[in-house]
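In: Here is a sequence with its predicted model. Questions after.
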Amino acid sequence: MRRVITKTIQLSLHWPFLIIFRIFLNFKVEGRHNLLKVGDSFILAVNHVSYLDPIAVSVALPFRSKYFPLFYMADDYFYKVLFFYRFVGGIRARKGVDLELSSRELIYKLECGERVVIFPEGSIRREKKVRPRRGISYIAAKSGKCIVPLKIESNLDGTISVFGGKIFDLLTGRHWVKMVFGKPFRINETIGKVPESLSELRLASKELFHRIETANSGI
């Protein structure tokens, strides 16, 4: 039942948010053709720029029933405080527990043929140095699913407000967002094998994040 609710909400909000984004954020999307190279179930690996990113990811996808619902790993605090998160695709991160427990629900979703969105940074980037988390490599290794890198290029500043920037700047069109879907790959392509140890998972995540940062439409 919750899946039906999530899918209905995400599809019903797709066009309204897409219109808003195009008007106020000069929203552009490239590389959607790369989605044709994967099946209906895959991992979207995305860099984290602002609090608007989960919505941006959703509206960047083609308006096709097969791409919805999307499931996101949500911060424990927001998951608990914002009750509606569980109805819009949020899955509790369970920070502080082992990889198997924290990743179990996302792996299950993938095994059921769903699509999951993961931000390897874990949170909005505050510093230039990035240390991608091992979780995404673990989930990719256990599920065997294809990874689609999605790069967000933007001048949004996630440190300013929950809107990803000053409201005045949003209304005057000073912000812009470009979403770039890159070439899909599998986790074994990052380090030449399926990562198993913690060090291998860390290294695979680092290479995976590099592929996000260098993603291009391939045209």
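Out: Thanks, I have the structure now. Residues are numbered from 1 along each chain as shown.

In: list the contacts for residue 177?
Out: By C-beta atoms under 8 Å, 6 or more residues apart in numbering, the contact list for residue 177 reads 21, 25, 26, 27, 28, 52, 56, 152, 153, 154, 156. In short, each C-beta sits where N, CA and C put it, glycine included.

In: beta partners for it?
Out: residue 154 (DSSP bridges).

In: per-residue confidence at it?
Out: Looking at residue 177, its pLDDT reads 91.

In: now it: how far from residue 46?
Out: 12 Å (C-beta to C-beta, to the nearest Å).

In: Overlap in contacts, the two.
Out: residue 152.

In: so where is this structure shaky, pLDDT-wise?
Out: 96, 125-128, 157-173, 218-219 (pLDDT under 70).

In: how about the strands in it?
Out: For the chain, strands defined by DSSP state E occupy the ranges 28-30, 43-46, 70-74, 90-92, 115-118, 147-154, 177-181.

In: same for the fifth one, what does it pack against?
Out: Under the contact definition 3 or more C-beta pairs under 8 Å, 6 or more residues apart in numbering; DSSP states H and E, strand 115-118 sits against strand 43-46, strand 70-74, helix 99-111, helix 135-143.

In: Buried residues in the longest helix seen in the chain, which are they?
Out: Criterion DSSP state H: the longest helix present in the chain is helix 2-24. Residues of helix 2-24 classed as buried: 6, 9, 10, 11, 14, 17, 18, 21, 24 (neighbour count, 16 or more other C-beta atoms under 10 Å).

In: Among these, which one lies nearest to residue 124?
Out: residue 21 (18.1 Å; C-beta to C-beta).

In: Which residue is the nearest non-sequential neighbour of that closest one?
Out: residue 27 (3.7 Å; C-beta to C-beta, 6 or more residues apart in numbering).

In: tell me the contacts of the one you found?
Out: With C-beta under 8 Å, 6+ apart, residue 27 has these contacts: 18, 21, 56, 59, 176, 177, 178, 179.

In: Reformat the residues you listed as a markdown table; add distance to residue 107.
Out: Shown next, in a markdown table, are the contacts of residue 27 (distance: C-beta to C-beta, whole Å):
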| residue | distance to residue 107 |
| --- | --- |
| 18 | 30 |
| 21 | 31 |
| 56 | 25 |
| 59 | 26 |
| 176 | 35 |
| 177 | 30 |
| 178 | 31 |
| 179 | 26 |
